[in-house]
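A.B. asks: any chance you could fold what I've pasted below:
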Amino acid sequence: MDSKRSAVITGSTKGWGRAVAEGFASQGIRVLVNGTSEEVDVVVDSIKATGGDAVGARYASDNVEGVNRLMEQALDVFGQVDIWVNSLGIQNPQPLLTMDLANWNDILRIQLTSYFLGTPRAAQEMVQKGNGGRIINVVGGGAYGIPGASAHSASKGGALSATYSWAGELKEYGIMVNAVRGGVRSPGMRAYMGGMGILNEDSEADNEAWRTLGFYGPEEAAPLTNSATEPSSARPC
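C.D. replies: Numbers count the residues shown, from 1 in each chain. Model prediction:
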């Protein structure tokens with residue numbers, strides 16, 4: 001096996017996903033940047049400009065075909081996948097009384113089903129190789145409920161609970177499965193929090209208030225997922 005580690009990061013053109021990709025690359029991990037827009041090339045070029053090793057893959061990671069293509073491309077380019085990060089997300093909160101079924105289904109597909117598709121595909125490859133690995137699920141800050149964003153909370157809570165189950169199942173294969181609960185201070189989240197009257201969406205200065213609510217800056221993503229780069233025994237999140 002190549003001594004240089006490789007990672008696939010779904011939804012990595014913005015927010016936590018991009019920050020994790022850039023952070024891993026700065027630590028010498030080869031990264032596959034994933035998205036469906038030209039932003040994939042922007043992130044790849046940015047990583048390469050700072051000396052990192054990255055390739056882009058424009059496939060949707062919320063369906064079986066897309067996930068399989070991500071894995072195939074990673075294996076073709078890197079020869080192995082040591083780390084798989086599920087970070088695909090969407091910000092479209094709707095209050096319960098006016099929420100439509102299509103929005104509910106979209107959010108659960110993107111933020112929960114995509115994690116189910118990515119995790120077993122990564123685990124199957126890792127088990128076959130027999131060298132263990134790391135699977136990280138970015139579940140954000142809404143796992144225990146956010147008023148006005150019940151679909152978001154349901155998907156994140158489901159992903160968090162599933163992570164515990166998957167960690168227990170995959171431990172015997174030396175695969176660590178973790179969840180990262182921190183939310184990211186993105187423009188969309190600031191707008192949502194401001195609209196709900198929780199925080200001032202125009203203010204980025206009150207970092208302590210954001211951190212109290214479990215939201216961090218993008219630059220903090222890599223340290224929070226640092227367990228993926230350190231050898232250790234498999235354990236639950």
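A.B. asks: nearest the geometric middle of the chain, what residue?
C.D. replies: The chain has Ser87 as the residue nearest its centroid, 1.8 Å off, counting by CA atoms, centre = their mean.
A.B. asks: mind checking how far that one is from Lys171?
C.D. replies: 22 Å (CB to CB, to the nearest Å). Just so you know, the C-beta spots here come from the backbone N, C-alpha and C atoms, and that holds for glycine as well.
A.B. asks: can you pull the buried residues of stretch 48-65?
C.D. replies: 52-62 (16 or more other CB atoms under 10 Å).
A.B. asks: just put those in TSV and tack on distance to Lys129, secondary structure and pLDDT.
C.D. replies: What follows is the buried residues of stretch 48-65, written out as TSV (distance: CB to CB, whole Å; DSSP: H, G, I helix; E, B strand; the rest coil; pLDDT from 0 to 100):
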residue	distance to Lys129	secondary structure	pLDDT
Gly52	24	coil	97
Asp53	20	coil	97
Ala54	22	strand	98
Val55	20	strand	97
Gly56	24	strand	97
Ala57	20	strand	97
Arg58	26	coil	96
Tyr59	22	coil	95
Ala60	25	coil	95
Ser61	21	coil	96
Asp62	25	coil	96
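A.B. asks: pick the one among the residues you listed closest to Phe116.
C.D. replies: Asp62 (10.0 Å; CB to CB).
A.B. asks: surely that closest one meets Ser114?
C.D. replies: Yes: the pair Asp62 / Ser114 is scored as a contact, 4.1 Å apart, by CB atoms under 8 Å.
A.B. asks: what touches both of those two?
C.D. replies: Jointly contacting Asp62 and Ser114 under the rule CB atoms under 8 Å, 6 or more residues apart in numbering are Leu88.
A.B. asks: contact partners for Met126?
C.D. replies: 81-82, 132-133, 173, 175.
A.B. asks: next: Val64.
C.D. replies: Neighbouring residues of Val64 by CB under 8 Å, 6+ apart: Leu117.
A.B. asks: let's see the pLDDT reported for it.
C.D. replies: With respect to pLDDT, Val64 has a value of 97.
A.B. asks: distance of the residue in the chain sticking out farthest from the centre from Trp210?
C.D. replies: Distance from the C-alpha centroid of the chain, by CA atoms, centre = their mean, peaks at Leu97 (29.3 Å). Separation of Leu97 from Trp210 (CB to CB) stands at 28 Å.
A.B. asks: hang on, Arg58 packs against Gly35?
C.D. replies: Yes: using CB under 8 Å, Arg58 is in contact with Gly35, at 6.6 Å.
A.B. asks: need the per-residue pLDDT for the spatially closest residue to Met99 that is not a sequence neighbour.
C.D. replies: Distances taken as CB to CB, 6 or more residues apart in numbering place Ala151 nearest to Met99, at 6.8 Å, with adjacent residues excluded. We have a pLDDT of 88 for Ala151.
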